[in-house]
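Engineer: how would this look folded up:
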Amino acid sequence: MSETSAQTPMTVAQVMRPAVTTVEQDAHVAAAAYLMKKDGATAVVVIDNVQTKRPIGILTEADIVQVVADGRDVNDVRIRELMTSSPVVCEESTTIQTAAKSMADGRFRHLPVVDHGSVVGIIDIGDVSRALIGPSA
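Structural biologist: This is a model prediction of the structure:
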């Protein structure tokens with residue numbers, strides 16, 4: 001490890017996944033589940049619209065499991081009914097340690113990454129864990 005990398009904290013930009021799966025709040029939960037399966041995602045970011053891509057919510061696989069366990073039809077439930085509104089977000093320059101603290105304090109596993117208010121990526125607890133463990137992982 002070089003001196004520079006030992007002194008410079010790793011940032012979210014270095015580990016985030018830029019191809020974030022997004023949905024709009026009026027879609028059905030079944031559509032979100034389909035996109036999550038297709039993209040191999042464990043969460044989707046709910047955006048205000050495709051032009052601005054401002055994150056207004058997040059929907060996770062745990063949310064979908066809850067709907068199914070409650071016996072509700074995923075084709076009838078709208079994302080807006082289920083999503084966590086106003087999700088905590090971070091920027092690409094956020095350090096991994098700060099992102100990890102946000103996740104631990106908020107007890108969530110996904111963190112949308114924004115640039116000028118628009119979603120540009122996402123990190124999850126696995127990304128953060130791998131970054132904190134280091135290259136030997």
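Engineer: how close does residue 113 sit to residue 55?
Structural biologist: 9 Å (C-beta to C-beta, to the nearest Å). C-betas here are computed from N, CA, C, even on glycine.
Engineer: again, but for residue 21
Structural biologist: Distance, residue 21 to residue 55, by C-beta to C-beta: 12 Å.
Engineer: that older thread, hey, what's in contact with both of residue 113 and residue 55?
Structural biologist: Residues within reach of residue 113 and of residue 55 at once, by C-beta atoms under 8 Å, 6 or more residues apart in numbering, are 89, 119.
Engineer: Pick out whichever of these two has more residues nearby.
Structural biologist: residue 113 (25 against 22; other C-beta atoms under 10 Å).
Engineer: and the more buried one, what does it touch?
Structural biologist: Listed by C-beta under 8 Å, 6+ apart, the contact set of residue 113 reads 12-13, 16, 20, 89-92, 94, 119-123.
Engineer: For this structure, which residues score under the pLDDT cut-off?
Structural biologist: Along the chain, segments meeting pLDDT under 70 span 1-7, 135-137.
Engineer: As a check, name the ranges of all helices in it.
Structural biologist: Taking DSSP state H as the criterion, the chain carries its helices at 3-7, 29-39, 61-69, 79-82, 96-106, 125-133.
Engineer: pretty sure residue 41 is touching residue 32, no?
Structural biologist: No. If you go by C-beta atoms under 8 Å, residue 41 and residue 32 don't touch, sitting 9.4 Å apart.
Engineer: okay, those two: which has more neighbours?
Structural biologist: Using other C-beta under 10 Å, the more surrounded residue of residue 41 and residue 32 is residue 32, with 29 against 20.
Engineer: Could you find the closest non-adjacent residue to residue 91?
Structural biologist: Excluding its sequence neighbours, the residue lying closest to residue 91 (C-beta to C-beta, 6 or more residues apart in numbering) is residue 114, at 6.2 Å.
Engineer: any idea how far residue 78 is from that neighbour?
Structural biologist: Plainly put, residue 114 is 24 Å away from residue 78 if you go by C-beta to C-beta.
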